[in-house]
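K.L.:
Need a 3D model of the sequence below.
(one chain, ligands or ions: 1)
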Amino acid sequence: MKKRILTGITTTGTPHIGNYIGAIRPALKMANSEDQSFFFLADYHAVIKNQDSDKIEKSVEDIALAWLSCGLDPKETFFYRQSDVPEILELTWILNCITAKGLMNRAHAYKAAMALNKEDADKGISMGLFSYPVLMAADILMFDSTHVPVGSDQIQHLEMTRDIAARFNHLYKPLLTLPEPIIQDDEKVVLGLDGRKMSKSYGNVIPLLEDEKVLRKSVMKIVTNSLEPGVPKNSDDCTVFDLYKNFADDNSVSEFKKQYENGISWGEAKEILFDAINAELKPIRSRYEDLIKDKNYINDVLSDGSKKTRLLAQEKISEIREVIGIKRIS
Ligand code: TRP
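P.N.:
The predicted structure follows:
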């Protein structure tokens, strides 16, 4: 049987090179013609934390364009927006009805929010946040996904998905497929301009889709120590070197290491890093500039994607409705 690999992308913010290295590039590498790949924009997940409608809308477009520019082929994959497949929400409710509250009490994201909101936890935490893992389970179980690539922060959600599916299968009929996680153990922290983890909330990101000038400026802002040119430098514990490793082969990396030992100046080192990043991003950027010109492109891609995907979802949801005793009359 073909593997069905499913990846959900929460639509918050604009993608930066940390997202590219950590999520987009490895996911697209995994997509191949032997397996079926599902990539979806998890906009109902985004609504849990963000009630700014303009931001939600803009982010869906930015993220969709980023993935397409990076090489996602909507003809070879199922690429859709979660909210365009309402059967997912139908399944969410059905799963809510069989999920023990105690299971959700254990979710890390919920527990972290509880700890932050100690003062008045019940007020600060929405039902959406509380039952977030059920929505994620529905995303996965709707399509009989067999494999879900996850970072370490999502492993628990996948275990919960398996628990929920097993419970459904036990109560009704074995209709739901228990997914396997693909744990991305080489998942490494991508460092940002100030040496902390690259994250929009730290304001230390290197942009993915901005023009060359902005990219260069951003690379030049990486914080280094104040060693003069000619003084040997340590490549461990150096943000410039660390980022370079993501854009160069082993030979170039050892060459760069030698240049550090020989006292390369920070200006030169950053220039080399910029060239490496820019070489990889150039074709992506030029595709992005083409795609963004065509206002209808994104809508057309998403509309085709949801049509194709809904066919699967509709078939599955009618089987599920039938076993729980809610048949459609028409
Ligand atoms: N919760 C995931 C995240 O924050 C995104 C997501 C939503 C997802 N639904 C999913 C991931 C289903 C995998 C499968 O990264």
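K.L.:
What parts of this structure come near the ligand?
P.N.:
6, 7, 8, 10, 42, 45, 136, 139, 140, 148, 154 (C-beta under 6 Å from any ligand atom). The C-beta positions use only the backbone N, C-alpha and C, and glycine is treated the same way.
K.L.:
Most neighbours out of those, which is it?
P.N.:
Neighbour counts for the residues of the chain next to the ligand (other C-beta atoms under 10 Å) peak at residue 140, which has 28 neighbours.
K.L.:
The nearest residue to residue 47 once chain neighbours are set aside: neighbouring residues, count only.
P.N.:
In this structure, residue 47 finds its nearest non-sequential neighbour in residue 56, 6.5 Å apart by C-beta to C-beta, 6 or more residues apart in numbering. Other residues near residue 56 come to 17 when the count uses other C-beta under 10 Å.
K.L.:
What separation is there between residue 56 and residue 8?
P.N.:
15 Å (C-beta to C-beta, to the nearest Å).
K.L.:
Check residue 136 too.
P.N.:
When residue 136 is compared with residue 8 (using C-beta to C-beta), they lie 7 Å apart.
K.L.:
So which elements touch the helix or strand where residue 316 lies?
P.N.:
If you go by DSSP states H and E, residue 316 is part of helix 295-324. Applying 3 or more C-beta pairs under 8 Å, 6 or more residues apart in numbering; DSSP states H and E, we find helix 295-324 packed against strand 36-42, helix 53-69, strand 78-81, helix 87-96.
K.L.:
what angle separates that helix from strand 36-42?
P.N.:
Taking axes from the mean of the first three to the mean of the last three C-alpha atoms, to 10 degrees, helix 295-324 and strand 36-42 form an angle of 100 degrees between their directions.
K.L.:
Just put the helices and strands packed on helix 295-324 in JSON lines and tack on mean pLDDT and distance to residue 189.
P.N.:
Formatted as JSON lines, these follow (pLDDT from 0 to 100; distance: least, C-beta to C-beta, whole Å):
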{"stretch": "strand 36-42", "mean pLDDT": "96", "distance to residue 189": "23"}
{"stretch": "helix 53-69", "mean pLDDT": "94", "distance to residue 189": "20"}
{"stretch": "strand 78-81", "mean pLDDT": "98", "distance to residue 189": "28"}
{"stretch": "helix 87-96", "mean pLDDT": "98", "distance to residue 189": "31"}
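K.L.:
could these be laid out in a markdown table, adding distance to residue 270?
P.N.:
What follows is those, written out as a markdown table (distance: least, C-beta to C-beta, whole Å):
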| stretch | distance to residue 270 |
| --- | --- |
| strand 36-42 | 33 |
| helix 53-69 | 24 |
| strand 78-81 | 36 |
| helix 87-96 | 45 |
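K.L.:
By proximity to the ligand, which residue of the stretch 201-330 of the chain wins?
P.N.:
Taking C-beta to the nearest ligand atom as the measure, the point where the stretch 201-330 of the chain comes nearest the ligand is residue 309, at 13.7 Å.
K.L.:
wait, which of the helices and strands packed on helix 295-324 is closest to residue 179?
P.N.:
strand 36-42 (11.3 Å; C-beta to C-beta).
K.L.:
Residues touching the closest one, excluding its own?
P.N.:
Taking contacts as C-beta atoms under 8 Å, 6 or more residues apart in numbering, the residues outside strand 36-42 that touch it are 2-11, 27, 30-31, 60, 63-64, 67, 72, 76-82, 85, 139, 143, 145, 302, 309.
K.L.:
cool, and stretch 275-291?
P.N.:
17, 65-66, 68-71, 206, 208-209, 211-212, 215-216, 219, 243-244, 247-248, 252, 297-298.
K.L.:
likewise stretch 211-231?
P.N.:
By C-beta under 8 Å, 6+ apart, stretch 211-231 touches 193-195, 206-207, 210, 233, 238-240, 243, 263-270, 273-274, 277-278, 281-282, 285.
K.L.:
Name the residue closest to the centre of this structure, please.
P.N.:
By C-alpha atoms, centre = their mean, the chain has its centre lying nearest to residue 9, at 4.0 Å.
K.L.:
Would you verify that residue 111 is located in a strand?
P.N.:
No. If the criterion is DSSP: H, G, I helix; E, B strand; the rest coil, then residue 111 is helix and not within a strand.
K.L.:
domains of the chain?
P.N.:
4-189+295-324, 210-290 (automatic domain parsing).
K.L.:
most neighbours per residue, which of these?
P.N.:
domain 4-189+295-324 (a mean of 17; mean count of other C-beta atoms under 10 Å).
K.L.:
starting at the chain centroid, how far to it?
P.N.:
Distance, stretch centre to chain centre, for domain 4-189+295-324: 10 Å (C-alpha atoms, centre = their mean, to the nearest Å).
K.L.:
Could you check how far residue 260 is from residue 253?
P.N.:
Taking C-beta to C-beta, one finds residue 260 at 11 Å from residue 253.
K.L.:
confidence score at the closest residue to the ligand within the stretch 1-150 of the chain?
P.N.:
Nearest residue of the stretch 1-150 of the chain to the ligand, counting by C-beta to the nearest ligand atom: residue 8, 2.5 Å away. On the pLDDT scale, residue 8 is placed at 94.
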